[in-house]
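Asker: Quick check, what structure comes out for this input:
(chains A and B)
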Amino acid sequence: DAKTTQPPSMDCAEGRAANLPCNHSTISGNEYVYWYRQIHSQGPQYIIHGLKNNETNEMASLIITEDRKSSTLILPHATLRDTAVYYCIVNSGGSNYKLTFGKGTLLTVNP
Amino acid sequence: GAVVSQHPSWVICKSGTSVKIECRSLDFQATTMFWYRQFPKQSLMLMATSNEGSKATYEQGVEKDKFLINHASLTLSTLTVTSAHPEDSSFYICSAKLTGGVGNTEAFFGQGTRLTVV
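Answerer: The predicted structure is shown next:
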């Protein structure tokens, strides 16, 4: 699976949009980009995933660059409960489906 | 999203004993389940992939005889830590992938099990 690079930490003001970047320059054509988050001492929570088109759901938006070498997770209106470690993962799926977690980005939402 | 439940949420056991952790997909069928371990201030480390009705596939460095995995049904996988030692103390997390579906599906995670070996 391709490696991902994320900043170790970010801060965001409550109510503002949080934009979390992820580099995956070695991603291959059949690999999806997944985002999960983990609040302290809990299991990871699925947020969103996509292949090449931008995706949006009730939690977040995923913007994938045209060359697919990077992506951005957008939380439109961050709340204190969004403070968590956010993981960007690339996954090829099928029989090779495997979610390999890196170190992620600790997002701290400040009041 | 779909619900994955782990039991117990936490367990304390004596060194040398075995501990079983259950992972259930409550509202969907999961052909494939995954077991992770997470040490304090570290990321999740994949231990093994469990497929219903077949032997689990272990990641390099994970002892299959120590971490026994059984995936007997489409909604239940178990992880047994045999002859547990203090260094096995960790946060164990399972996840389950939706069976079928179109395209690449997401996996859902349990709430984790905190194992402390004394």
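Asker: quick one: B:Glu89 from A:Leu80, how far?
Answerer: If you look again at residue B:89, you'll see it is Ser, not Glu. Going from B:Ser89 to A:Leu80 by Cβ to Cβ, to the nearest Å gives 31 Å. In this view, the C-beta of every residue, glycine as well, is placed from N, C-alpha and C.
Asker: whoops, I mixed them up, B:Gly61
Answerer: 38 Å.
Asker: For these two, indicate the residue with more neighbours.
Answerer: A:Leu80 (10 against 7; other Cβ atoms under 10 Å in any protein chain shown).
Asker: mind checking the backbone torsions on that one?
Answerer: phi -60, psi -30 (degrees, to the nearest 10).
Asker: wouldn't B:Ala30 be in contact with B:Ala96 here?
Answerer: Yes - if you go by Cβ atoms under 8 Å, B:Ala30 and B:Ala96 touch, sitting 3.6 Å apart.
Asker: Need the residues touching each of those two.
Answerer: B:Ser77 (Cβ atoms under 8 Å, 6 or more residues apart in numbering or on different chains).
Asker: Enumerate every residue touching A:Ala60.
Answerer: A:35, A:47-48, A:73-76.
Asker: What of A:Ala18?
Answerer: A:10, A:12, A:74-75, A:78, A:82, A:107, A:109.
Asker: quick one: low-confidence ranges for chain B?
Answerer: Flagging of chain B using pLDDT under 70 yields the residue ranges B:1, B:99-104.
Asker: again, 50 this time
Answerer: Under the criterion pLDDT under 50, no range of chain B is flagged.
Asker: where exactly do the strands run in it?
Answerer: Listed in chain order, the strands of chain B (DSSP state E) span B:4-7, B:10-13, B:19-25, B:32-38, B:45-51, B:57-58, B:67-73, B:76-81, B:90-97, B:107-109, B:113-117.
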